[in-house]
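Trainee: What follows is a predicted structure for the sequence shown.
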Amino acid sequence: MSCKKESKTAVLHRNCTGTYLEIDDKMSRVCNFELLESYEQGDEVEVEYKKIKSCSAYNWTIVCSLFFPYDQDIAVSSVK
């Protein structure tokens, strides 16, 4: 796991389990999803982010108990 910030183009995905960014064919759960509220499902965005251990430090709520596989948790620091 790395604390280094990365910048990539990503595709936004949302469902009742949360907000995700598809980056390099991997799904990343966005812990601070409120930064992406103005974007729509399927939008392509340029993001700066860092991999984090878990979303526990964020205001994270579970809306449904559907299983949705993802590869890592991330915190977004900027969106274009």
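Mentor: Looks like it arrived, so ask away.

Trainee: Need the nearest residue in space to the residue nearest the centre of the chain, chain neighbours excluded.
Mentor: The centre of the chain sits closest to Val30, judged by C-alpha atoms, centre = their mean, with a distance of 2.3 Å. Excluding its sequence neighbours, the residue lying closest to Val30 (C-beta to C-beta, 6 or more residues apart in numbering) is Thr19, at 4.6 Å. C-betas here are computed from N, CA, C, even on glycine.

Trainee: Neighbouring strands - and their directions - for the helix or strand harbouring that neighbour?
Mentor: Using DSSP states H and E, Thr19 falls within strand 18-23. Strand 18-23 has the following sheet partners, assigned by DSSP bridges: strand 5-15 (antiparallel), strand 26-30 (antiparallel).

Trainee: With just CA atoms, put that strand into PDB.
Mentor: The C-alpha trace of strand 18-23 is given here as PDB (Å, rounded to 0.1, in the frame of the first residue of the first chain):
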ATOM      1  CA  GLY A  18     -21.100   3.500  -2.900                       C
ATOM      2  CA  THR A  19     -19.200   5.500  -5.400                       C
ATOM      3  CA  TYR A  20     -16.300   4.000  -7.400                       C
ATOM      4  CA  LEU A  21     -13.700   5.000  -9.900                       C
ATOM      5  CA  GLU A  22     -12.600   2.600 -12.500                       C
ATOM      6  CA  ILE A  23      -8.800   3.300 -12.900                       C
END
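
Trainee: quick one: Glu34 is in a helix?
Mentor: Yes - counting by DSSP: H, G, I helix; E, B strand; the rest coil, Glu34 falls inside a helix.

Trainee: quick thing: my sequence starts at 37, can you match it?
Mentor: Shifting the count to begin at 37 puts that one at Glu70.

Trainee: Would you agree Phe104 falls within a helix?
Mentor: No - assignment of Phe104 by three-state DSSP gives coil, placing it outside any helix.

Trainee: ok, now how distant is it from Lys41?
Mentor: According to C-beta to C-beta, to the nearest Å, Phe104 and Lys41 sit 25 Å apart.

Trainee: Same question for Leu57.
Mentor: For Leu57, the distance to Lys41 - C-beta to C-beta - is 14 Å.

Trainee: Sweet, I'm off.
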